[in-house]
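Q: Task: produce atomic coordinates for the following.
(2 chains)
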Amino acid sequence: MPFVPHTEAEIRQMLAVIGLTSLDDLFADITPELRPRSFNVPAGKTESAVLARMEALAGKNRTDLISFLGAGFYQHAVPSVIDALTGRSEFYTAYTPYQPECSQGTLQAIFEFQTAVARLFDMECCNASVYDGGSALFEAAMMAVRHTKRHSIVVDECINPLWRAQLETWHNEGIVHFVTVPHKNGTSDMAALKAAITDNTAAVMVQNPNFFGAVEDFSELFAHARAHKVLSVISVYPVLQSVLKTPGEMGADVAVADGQSLGQYLNFGGPYLGIMTCRKDCIRQFPGRIVGRTKDVDGETGYVLTLQAREQHIRRAKATSNICSNQALCALRALIYLAVVGRQGLMRVAENSMVMARKAVEKLTAISGVHLLNDAPFGNEVALVLPKPAAAVAASLMAQGIVPGFPLGGLYAGMDNVLLLACTELTSSQQVDALASALASALGGAQ
Amino acid sequence: MKSLFAQSVAGRVGYLPEKPEKSAAELLSAHLLRKVEPQLPELSELDVVRHFTRLSQQNFGVDSHFYPLGSCTMKYNPKFTEQAAALPGFTRLHPLLAQMPEGERYTQGALQCLWDMEQALKEITGMAGYTLQPMAGANGEFTGVKLIAAYHKDKGNKKTKIIVPDSAHGTNPASAVLAGYDIVNIESKDGMIDPETLEAALDDDVAALMMTCPNTLGLFETHLPQIVEKLRKVDALLYYDGANMNAVLGQMRVGDVGFDVVHLNVHKTFATPHGGGGPGAGPVGVSEKLLPYLPVGRVEKRADDSFFLNFDYPKSIGHIAPFYGNFGIVVRGLAYIERLGGEGLRRASTFAVLNANYLRVVLQDTLDIPYNRVCMHEFVASAPEGQRALDIAKGLLDRGYHAPTIYFPLIVKECLMPEPTETESKQTLDAFVEALMDAVAEGRDTPEKAHEAPVTLPIRRLDETAAARQMVLTEDMA
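A: Modelled structure (predicted):
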């Protein structure tokens, strides 16, 4: 039997020590009425048979398409050192570092992750990560509720609708509710966001670049929020954060992100990691694991899980969050990524991605009837208006092996003709040309 | 060990992408750009490799050490599951490709993985349906409580309370509170939920009981049938915390015995790596009456055997994850289940329980075992009178073993909770027992020495109070 080392002789010896005669005796507490009505799980297979089947399933997924899909999740290069180092089983077969003396590897890595992300976002504190970008936003909302003892959160409709859908599911009327402020043609309606802030507002939440790719400066909105004792929460795109105005510079209280772009594969939706940073004065309301630096009895520097009095295993019903684990291995991937691309490398990834997006825009808007949704500055992603419904156009391009981006008709009212298109440093000029020519013929217009 | 940042040398580069045709300053106006470049480390690729290789060597993991951390099921993580999850056909797949027009055609393999996992989990647990969206166990608990709330709301039930036994994991009450419920704690009696205590706590306001079975003392809840009956009378639902599922695979199916909601921990029961604290996956199974509320999109199969995502469930609670959950973890879990098959899973639980009972009996003269009867996959013990669980735990580290869980559950004094799992051999258990006896003897004979442990690791006992007070959470907060 795979992965069970016991020999028949050992089984007999062990049962004798316990004082039982058969393995079935171990389960005497489970009375007949509680026994399974069926257990028709197919018989086990050899390792090679399982892998052959997994290869066949993986082979049924089309990863050979030219793709401009983004919408918050991007195919950046994943340097080979990340797989090599996170593949060390001392990292991946360990658990939460409850015994710090034999977990310094994990603990120091998380501390360094906290440092690297805090510097990237220009924020004071960072935790060991939560599940994903959406749960990070939700935890930020809950932080604001506890910090301000108010219950309403103003949410910019320019925040990724996939994450807003999570907020909608996760929230509970009695604890927190969300007031969504409509976008203004793909940009934040600053006046409306300000106007939505009331005496019951705990936080205002925005995203930069926003879901449509537009880059904005929220400094003024955040100053207004501060004047009303409302927390400012911003969700950012970590790669572009190497060049864009930082949450710290804008005056954010909490900055969150999905860390997928930092050395994680797309993985059909996960695992990713939720990044959370905050100002020091919000730290007591911070959820999840946090690593701190301290000294051992000999005065040597070491690392421990800290501020655990906030957490569920101590405070139970009164904890700041129900979260138990973090996404430690994903955080490790992000840290290794940040370390190996470094200061210059991360900026180059951002700049190359932005350059490619401009090339795509130039080629595509040259097609008759195709134009940008708005004239807002953008990063590596942009919303294009087509002369025809984007979903139908996308379907016809996909048949030719090109995924032109994500049609927004299902996510925003009145956006049936809008396509959200992303580029990264892996996008080539040839791919952009192929898209432009396929789109031109699909639209029946001249290039 | 010197930090990454301390090793940084200005101007050194590692993995450097091509020089961009234009800089950010040429692409966006200055007021949208950061003023100071991010102070990330500047290192060569080899610097990075050495740093993380050395860091890894400061960890105990299952591959290097016996890791009997109770309630966490630190079984061996088979390597072929890593290979399966690393297939580029999975790792490079954008989740939104499936939601493009006709996109399901391009993602049939991934959708089938999700479908197959759901079918497997249904048969293993006897539940009517599953969602694979929850991204960890606690996220699964929260999802489960949300489903319970949706059910009661839909039925017009005004329920405000959830009952949680005092032996429950801390995530249970925390998850229920997050979903808006008041918590009613009930005391265990002889290590079990007492039907009379439960009866006294039950009224029409009770939405559910959250139960771990076997419970966190490692005991099977023998009053289970009466508990189910009592809850049914007030239309309260029964929630199964699957943290301890590794004890009962093939021996009991939670659906058959009357549970309405269950969350599983793929990273425990189905052997996916714990990753130093994640990522995991926390699928949630439900009984028939809760099916309409499951998160969307749900993977379904057409008559022609093709798979698609169905978002058309008006009573659904919505989206727990942005997409389909931690797919990479689900793939590993599915590969493990297919490798073991039904018989392999049943035997996994059998040997997990055999190992736990063997440890319990051979340790009964060394530790105080408050519930010294046949246990399931784990058991609880107290440090001998006058000794501390913490000292014993640290003594074990010096002797080359990860410590059991300590100080949980909270209702057992100076608690140690070993969970050996099925993948450990008798030889490993015997050697562990010897080490534990040695550590306990040291605590008895030379307590000052026991307080000093560990002394063989790169670091000794750390000042956790100073850590919480000084709050150095990044290099820059020093």
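
Q: Now do the phi/psi pair for residue B:206.
A: Dihedral angles of residue B:206 (phi, psi; degrees, to the nearest 10) stand at phi -80, psi 120.

Q: ok, it to residue A:183 distance?
A: 43 Å (CB to CB, to the nearest Å). Yep, even glycine has a C-beta here, placed from its N, CA and C like the rest.

Q: What of residue B:60?
A: Distance of residue B:60 to residue A:183, given as CB to CB: 50 Å.

Q: Which helix in chain B has the most residues?
A: Using DSSP state H to define each element, chain B has its longest helix at helix B:327-362.

Q: Tell me how far that one lies from the chain's centre.
A: 15 Å (CA atoms, centre = their mean, to the nearest Å).

Q: cool, and stretch B:261-268?
A: The chain centre lies 7 Å from the centre of stretch B:261-268; the measure is CA atoms, centre = their mean.

Q: and the end-to-end length of it?
A: Start-to-end span of stretch B:261-268 (CA to CA, to the nearest Å) is 18 Å.

Q: so what's the residue of the stretch 101-250 of chain B found nearest chain A up against?
A: Of the stretch 101-250 of chain B, the residue with the smallest distance to chain A, taken as CB to the nearest CB, is residue B:109 at 3.2 Å. Contact partners of residue B:109, counting by CB atoms under 8 Å, 6 or more residues apart in numbering or on different chains, are A:56-61, B:89-90.

Q: a helix runs through it, doesn't it?
A: Yes. For residue B:109, which was evaluated using DSSP: H, G, I helix; E, B strand; the rest coil, the result is membership in a helix.

Q: Lowest mean pLDDT among the helices and strands of chain A, which one is it?
A: For chain A, scoring each helix and strand by mean pLDDT, DSSP states H and E identifies helix A:312-315 as the least confident one, at a mean of 79.

Q: Run through who's touching the helix or strand residue A:12 falls within.
A: With elements delineated by DSSP states H and E, residue A:12 resides in helix A:8-18, which encompasses its position. By CB under 8 Å, 6+ apart, the surrounding residues in contact with helix A:8-18 are A:6, A:21-23, A:25-26, B:354-355, B:357-358, B:361-362, B:374, B:425-426.

Q: between those residues, which is nearest residue A:95?
A: residue B:355 (18.2 Å; CB to CB).

Q: what's the nearest residue to that closest one if we skip its chain neighbours?
A: Closest residue to residue B:355 apart from its sequence neighbours, by CB to CB, 6 or more residues apart in numbering or on different chains: residue B:420 at 4.1 Å.

Q: Repeat that for residue B:141.
A: Nearest residue to residue B:141 in three dimensions, chain neighbours excluded: residue B:175, at 3.8 Å (CB to CB, 6+ apart).

Q: quick one, longest helix in chain A?
A: Looking across chain A with DSSP H, the single longest helix is helix A:328-365.

Q: so who does residue B:471 touch?
A: Residue B:471 sits next to A:280, A:283, A:292, A:306-307, B:477 when contact means CB under 8 Å, 6+ apart.

Q: And the contacts of the least confident helix or strand of chain A?
A: The list of residues contacting helix A:312-315 from outside it, by CB under 8 Å, 6+ apart, reads A:308-309, A:319, A:321-324, B:138, B:169-171, B:173-174, B:408.

Q: Spit out the contact partners of residue 363.
A: No chain in the question, so chain A it is. For residue A:363, the set of contacting residues under the criterion of CB under 8 Å, 6+ apart consists of A:432-433, A:435-436.

Q: oops, I was thinking of chain B
A: Contact analysis of residue B:363 by CB under 8 Å, 6+ apart lists B:369, B:381, B:433, B:436.

Q: Now pLDDT and neighbour count too, for the residues you listed, in CSV please.
A: Formatted as CSV, the entries for the contacts of residue B:363 read as follows, by pLDDT from 0 to 100; neighbours: other CB atoms under 10 Å in any protein chain shown:
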residue, pLDDT, neighbour count
B:369, 97, 18
B:381, 98, 28
B:433, 98, 15
B:436, 98, 27
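
Q: Show me which of the residues you listed is closest to residue A:383.
A: Distance to residue A:383, by CB to CB, is smallest for residue B:381 among the contacts of residue B:363, at 61.2 Å.

Q: doesn't residue B:409 make contact with that closest one?
A: No. Counting by CB atoms under 8 Å, residue B:381 stays clear of residue B:409, with 11.9 Å between them.

Q: Overlap of the contact sets of those two?
A: Joint contacts of residue B:381 and residue B:409 (CB under 8 Å, 6+ apart) are B:415, B:417.

Q: and the residue nearest to residue B:141, what element?
A: Under DSSP H and E, the secondary-structure element containing residue B:175 is helix B:171-178.

Q: thought residue A:367 was touching residue A:436?
A: Yes. The pair residue A:367 and residue A:436 passes the contact test of CB under 8 Å, sitting 6.8 Å apart.

Q: Can you tell me, leaving aside adjacent residues, what's nearest to the residue in the stretch 151-300 of chain A that chain B sits nearest to?
A: Proximity to chain B, evaluated over the stretch 151-300 of chain A using CB to the nearest CB, is greatest for residue A:269 at 2.9 Å. The shortest distance from residue A:269 to any residue other than its chain neighbours is 2.9 Å, reached at residue B:323 (CB to CB, 6+ apart).

Q: Residue A:290 now?
A: Distance criterion CB to CB, 6+ apart; nearest residue to residue A:290, sequence neighbours excluded, is residue A:127 at 5.0 Å.
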